[in-house]
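> With the input below, show me the fold.
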Amino acid sequence: MQVDSFNDYQRESRKTWSLIHTDHAITYPTLGLVNEAGEVAGKVKKIFRDKNGVISEADREALKQELGDVLWYLTQIATEIGVSMEEVASGNLTKLFDRLERDAIRGDGDTR
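Next up is the predicted model:
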């Protein structure tokens with residue numbers, strides 16, 4: 001489809017939109033997780049942009065604080081869906097070591 005302006009895009013893209021109700025306990029912690037992960041990424045970006053990748057003690061402390069926030073939101077999501085953090089961690093290691101054994105640790109795709 002040809003789009004000649006952002007107004008065209010806005011009008012046409014609206015045809016694919018529908019209101020999705022998000023009144024669920026998992027919504028807030030999921031949005032918080034993404035927000036906090038973005039804050040971690042922003043701090044790392046600035047370390048490379050402004051400090052040539054040198055991580056100071058202040059940077060380390062700031063990252064530790066943000067990672068704690070990521071952990072909090074992640075834990076709330078796991079709790080809400082009835083999954084323990086031990087299950088999350090164990091399942092992740094099982095997946096990663098299976099990929100490692102099959103020489104599929106690199107690449108992309110959830111089922112590699």
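> For the helix or strand harbouring Ala37, list every residue counted as buried.
For Ala37, the host element (DSSP states H and E) is helix 27-51. For helix 27-51, a neighbour-count test (16 or more other CB atoms under 10 Å) marks 29-30, 32-33, 36-37, 39-40, 43, 47 as buried. Backbone N, C-alpha and C define where each C-beta goes, glycine included.
> ok, the most centrally placed residue in the chain - contacts?
The centre of the chain sits closest to Val34, judged by CA atoms, centre = their mean, with a distance of 5.0 Å. Applying CB atoms under 8 Å, 6 or more residues apart in numbering to Val34 gives no contacts.
> What separation is there between it and Tyr28?
According to CB to CB, to the nearest Å, Val34 and Tyr28 sit 11 Å apart.
> repeat for Gly109
Gly109 sits 30 Å away from Tyr28, taking CB to CB as the criterion.
> Also Gly107?
Distance, Gly107 to Tyr28, using CB to CB: 33 Å.
> cool, and His21?
14 Å.
> swap in Phe97?
In terms of CB to CB, Phe97 sits 33 Å off from Tyr28.
> cool, Ser56 as well?
Distance of Ser56 to Tyr28, given as CB to CB: 33 Å.
> cool, and Asn92?
Remark: distance between Asn92 and Tyr28 (CB to CB) = 24 Å.
> Output the below-cut-off pLDDT ranges for this structure.
Residues of the chain meeting the criterion pLDDT under 70: none.
> residues touching Asp98, list them.
Per CB under 8 Å, 6+ apart, neighbours of Asp98: none.
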